[in-house]
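Student: Mind looking at a prediction? Sequence and model below.
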Amino acid sequence: MKTLKLNRITLAAFAVLFSLFITSCQKEASLSSPEETVNEEEAATLSDESSVAEASFDDADDIAFTAADEEGNAGGFGVEGRSAGGDQGRIFLPNFFELRERIGDCATITVTPNDSTYPKRVVIDFGDSCLGRDGKVRSGKLVLDFTGPIRRPGSIVTLEFVRYHVNRVHIEGRKIFKNLSEPPVHKWSIAIDDGKVTFPSGRGYRYEGIKTVTQIGGILTARVWDDVYKMTTRSSTRFNNSWTVNITTEDPLIKKVACRWISEGTLKIRINDRVLKLDFGFPNNGNCDNKALLSWNNGNSQRIVILP
């Protein structure tokens with residue numbers, strides 16, 4: 001399956017703009033109450049932690065999609081979810097080679113039932129400590145429940161975190177992946193319920209949201225580099241210190257695989273009672289560059305953001 005990791009791109013940008021926004025608001029003395037005030041050091045900490053926490057969720061997404069894809073491939077399910085082996089059973093048992101290239105050999109992977117029938121459960125058990133080949137230390141379990149192969153339109157995969165930690169960051173909640181594809185168009189939604197991230201220090205936040213990713217280019221080719229994706233998102237983040245961040249898509253985000261950055265689209269970000277917009281199309285809509293325009297105060301305050 002040709003998948004795209006848009007979480008990390010969007011959230012890394014959010015981490016940058018959040019820190020910039022807080023600093024700018026301080027300089028303008030535009031935060032009216034003491035409860036809303038946060039110094040630059042705390043803003044940087046919140047920004048860094050939010051980025052790390054979201055990357056932890058994104059890491060779990062990557063693992064889940066890889067496991068789901070390899071499980072489906074073992075049944076011979078092609079791009080549209082059709083089985084090359086018909087109803088005769090699996091073509092081969094999944095060895096999760098690609099997944100183990102990431103998480104290493106210390107995790108135990110169990111598939112029940114280990115045949116071509118559904119529903120199905122895949123449990124990835126990292127035990128008390130498992131050092132992956134990607135350098136991350138994981139513990140606990142990721143539990144995946146399938147209604148059907150992930151490539152089949154209409155299939156739903158539910159991911160649950162069981163005492164799961166990555167690099168000592170505790171991840172909780174449930175993620176739901178839905179295949180909304182209508183061949184030849186590939187489309188997925190990813191939702192999270194009651195998401196919670198807790199750092200060793202005790203700081204953390206709660207997160208809920210849903211995003212929809214649709215492939216709009218490169219659909220009929222086997223090449224990855226000509227793929228183009230459109231994404232819409234809606235999320236709410238509540239920090240332990242009472243900060244609340246709501247993000248919605250004002251204009252769909254466009255991501256070309258051949259470009260490192262999002263090249264079009266606008267996010268609307270509400271931090272408590274403050275509203276910002278982040279325009280990824282700045283300065284030339286559709287061009288591949290690492291610049292976006294952050295604006296607030298009804299567009300009267302602006303700053304160019306250099307994307308990571």
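Tutor: Good, I have the coordinates.

Student: so where is the stretch 51-200 of the chain shaky, pLDDT-wise?
Tutor: Counting by pLDDT under 70, the stretch 51-200 of the chain shows low-confidence ranges at 51, 54, 74-93.

Student: where along it do the helices fall?
Tutor: In the stretch 51-200 of the chain, the helices defined using DSSP state H, counting those that start in this stretch lie at 97-103.

Student: residue contacts, residue 99?
Tutor: Contacts for residue 99 (Cβ atoms under 8 Å, 6 or more residues apart in numbering) come out as 63, 66, 67, 70, 109, 124. C-beta here means a position set from N, CA and C on the backbone, and glycine is covered the same way.

Student: who's the fifth one bridged to?
Tutor: This means residue 109. Here residue 109 shows beta-bridge partners residue 124, assigned using DSSP bridges.

Student: Quick check, it in contact with residue 67.
Tutor: Yes: taking Cβ atoms under 8 Å as the definition, residue 109 is a contact partner of residue 67 at 7.5 Å.

Student: Neighbour count: the two, which is higher?
Tutor: residue 67 (26 against 18; other Cβ atoms under 10 Å).

Student: Wait, that one touches residue 107, no?
Tutor: No: at 10.4 Å, residue 67 does not count as touching residue 107 under the criterion of Cβ under 8 Å.

Student: overlap in contacts of those two?
Tutor: Joint contacts of residue 67 and residue 107 (Cβ under 8 Å, 6+ apart) are residue 124.

Student: hang on, residue 269 in a helix?
Tutor: No: read with DSSP: H, G, I helix; E, B strand; the rest coil, residue 269 is strand and lies in no helix.

Student: now it: how far from residue 196?
Tutor: 21 Å (Cβ to Cβ, to the nearest Å).

Student: Please say which of those two ends up with more neighbours.
Tutor: residue 269 (21 against 17).

Student: Next one: the more buried one from residue 276, what distance?
Tutor: Distance from residue 269 to residue 276, by Cβ to Cβ: 5 Å.

Student: for the record, mean pLDDT for stretch 268-279?
Tutor: Averaged across stretch 268-279, pLDDT comes to 84.

Student: buried ones in it?
Tutor: 269, 271, 274, 276, 277, 278, 279 (16 or more other Cβ atoms under 10 Å).

Student: what do you get for stretch 231-247?
Tutor: So stretch 231-247, judged by 16+ other Cβ under 10 Å, has buried residues 231, 232, 233, 235, 237, 238, 239, 243, 245, 246, 247.

Student: how deep is residue 65 tucked in, by neighbour count?
Tutor: Neighbour tally, residue 65, other Cβ under 10 Å: 20.

Student: Hmm, it is touching residue 144, no?
Tutor: No: the pair residue 65 and residue 144 does not pass the contact test of Cβ under 8 Å, sitting 10.0 Å apart.

Student: Okay, and which of the buried residues of stretch 268-279 map to helices?
Tutor: Assigned to helices by DSSP state H, none of those qualify.

Student: so of those residues, which ones are in strands?
Tutor: With strands defined by DSSP state E, the entries of the buried residues of stretch 268-279 inside them are 269, 271, 274, 276, 277, 278, 279.

Student: Count the neighbours of the closest residue to the last one other than its chain neighbours for me.
Tutor: Among residues not flanking residue 279 along the chain, residue 293 sits closest, at 4.4 Å (Cβ to Cβ, 6 or more residues apart in numbering). Residue 293 has 17 neighbouring residues, counting by other Cβ under 10 Å.

Student: what secondary structure does residue 293 sit in?
Tutor: strand.

Student: What does the pLDDT read for it?
Tutor: pLDDT, residue 293: 88.

Student: Also residue 308?
Tutor: Residue-level pLDDT assigned to residue 308 equals 64.

Student: Who are the contact partners of residue 254?
Tutor: For residue 254, the contacting residues are 216, 228, 229, 230, 262, 263, 264, 265, 280, 286, by Cβ under 8 Å, 6+ apart.

Student: For burial, what's the neighbour tally of the nearest residue in space to residue 217 that is not next to it in sequence?
Tutor: Spatial nearest neighbour of residue 217, chain neighbours left out: residue 228 (2.9 Å); criterion: Cβ to Cβ, 6+ apart. By the criterion of other Cβ under 10 Å, residue 228 has 18 neighbours.
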